[in-house]
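[1] The sequence isn't on hand, but the structure is:
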């Protein structure tokens, strides 16, 4: 047995985006109404599946970043900072987080703003607005010596104190490039595998949340462009077979979709090979059953 071409075609379709945009625009309005200190600049934008056009039917949470852009953090030594004439800012991410929370609470009401999470502030759903997971971050610049290599974001988990660095705009750009290089087949394929994952969860509830959406997308980003075929069935088989082989021989070569961070490792932004292999095994079983 196999999964029909028609079923895979249905799974490839993008879910609705209107409610996500409503959530995004509401948060922008909340920030615009706030009276900011002189010189403070920021950029609110979507990240995750809605931004990358890999959302499926039934997606609910909207992931957003509110990035402090008037200052930046970096990995430079004090000597390198001095060489580049970089000085310490008087307004940092802790100040910014406090101001963003005030802005959101004033606009949505404290009953609709959940600040209990360590990584994000949650805006609760209401009417045509989906739940928003708001990451409050600052610009991060990654250097090689004193040469700027990439720009991303940084924030700290307020529960554990862990520093988290990521590159959502690089993730977005690289996904768009891969989609173009696969004749617009990459993003529909990501949606197919997200729906396949959902079916796996339905069949085996104990696996629920074992395969996060972000890592599924990053996993497929590493698949050779030639494996993405005009046939949905051929693509499913090509991708699964390629991953089944490569995860056993070259897993150290896998990168996150931002192209900078290794996909597998012990950092909070990384996955583990065992769960990736388990996902591939379950995808094979789903096809066979």
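    Thanks, I have the structure now. A quick note: this is a predicted structure, and the numbers were derived from the prediction, not measured.
[2] Domain ranges for this structure, per the record?
    18-166, 172-288 (automatic domain parsing).
[3] quick one: which of those domains is nearest residue 2?
    Residue 2 lies closest to domain 172-288 among the domains of the chain, at 5.7 Å (CB to CB). C-beta: built from backbone N, CA, C; applies to glycine.
[4] Pull up the distance across that closest one, start to finish.
    End-to-end distance for domain 172-288: 33 Å, by CA to CA, to the nearest Å.
[5] pLDDT (mean, whole number) over that domain?
    For domain 172-288, mean pLDDT rounds to 96.
[6] Run the chain-centre distance for it.
    Distance, stretch centre to chain centre, for domain 172-288: 14 Å (CA atoms, centre = their mean, to the nearest Å).
[7] Let me know whether residue 165 touches residue 154 as I believe.
    Yes. Under the criterion of CB atoms under 8 Å, residue 165 makes contact with residue 154 at 5.0 Å.
[8] For stretch 150-163, buried residues please.
    152, 153, 154, 155, 156, 158 (16 or more other CB atoms under 10 Å).
[9] Now for residue 170, how many residues are close by?
    18 (other CB atoms under 10 Å).
[10] hang on, I meant residue 128
    Applying other CB under 10 Å, we find 11 other residues in the vicinity of residue 128.
[11] which residues touch it?
    Residue 128 is in contact with 18, 19, 22, counting by CB atoms under 8 Å, 6 or more residues apart in numbering.
[12] roughly how far apart are the last one and residue 29?
    Distance of residue 22 to residue 29, computed by CB to CB, to the nearest Å: 11 Å.
[13] The two: who's more crowded?
    Comparing residue 22 with residue 29 by other CB under 10 Å, the one with more neighbours is residue 22, at 16 against 11.
[14] ok, residues contacting the host helix or strand of the more buried one?
    Element membership for residue 22 (DSSP states H and E) is helix 18-33. If you take CB under 8 Å, 6+ apart as the criterion, helix 18-33 is touched by 42, 44-46, 50, 55, 62, 64, 66, 100, 103-104, 106-108, 123, 128-132, 134.
[15] For the buried ones among the residues you listed, write the corresponding PyMOL selection.
    Only the buried entries of these go into this PyMOL selection, using 16+ other CB under 10 Å:
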select buried, resi 42+44+46+50+55+62+64+66+100+103+104+107+108+123+129+130+131+132+134
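[16] Out of the contacts of helix 18-33, which sit inside strands?
    Among the contacts of helix 18-33, DSSP state E puts 42, 44, 45, 46, 62, 64, 66, 123, 132, 134 in strands.
[17] can I get the residues you listed in JSON lines with distance to residue 275?
    Shown next, in JSON lines, are the ones in strands among the contacts of helix 18-33 (distance: CB to CB, whole Å):
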{"residue": "42", "distance to residue 275": "35"}
{"residue": "44", "distance to residue 275": "32"}
{"residue": "45", "distance to residue 275": "29"}
{"residue": "46", "distance to residue 275": "26"}
{"residue": "62", "distance to residue 275": "25"}
{"residue": "64", "distance to residue 275": "26"}
{"residue": "66", "distance to residue 275": "30"}
{"residue": "123", "distance to residue 275": "30"}
{"residue": "132", "distance to residue 275": "27"}
{"residue": "134", "distance to residue 275": "27"}
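[18] Closest one of those to residue 190?
    Looking across these and measuring by CB to CB, the closest to residue 190 is residue 46, at 16.3 Å.
[19] residues in contact with that closest one?
    20, 24, 62, 63, 64, 65.
[20] circling back: how far does the helix holding residue 22 sit from the chain's center?
    For helix 18-33 - counting by CA atoms, centre = their mean - the centre lies 19 Å from the chain centre.
[21] Just the buried positions in it, please.
    For helix 18-33, by 16+ other CB under 10 Å, it's 19, 20, 22, 23, 24, 26, 27, 30, 31.
[22] So which one of the contacts of residue 128 is the model least confident about?
    residue 19 (79).
[23] Can you give me the distance of that residue to residue 132?
    Taking CB to CB, one finds residue 19 at 10 Å from residue 132.
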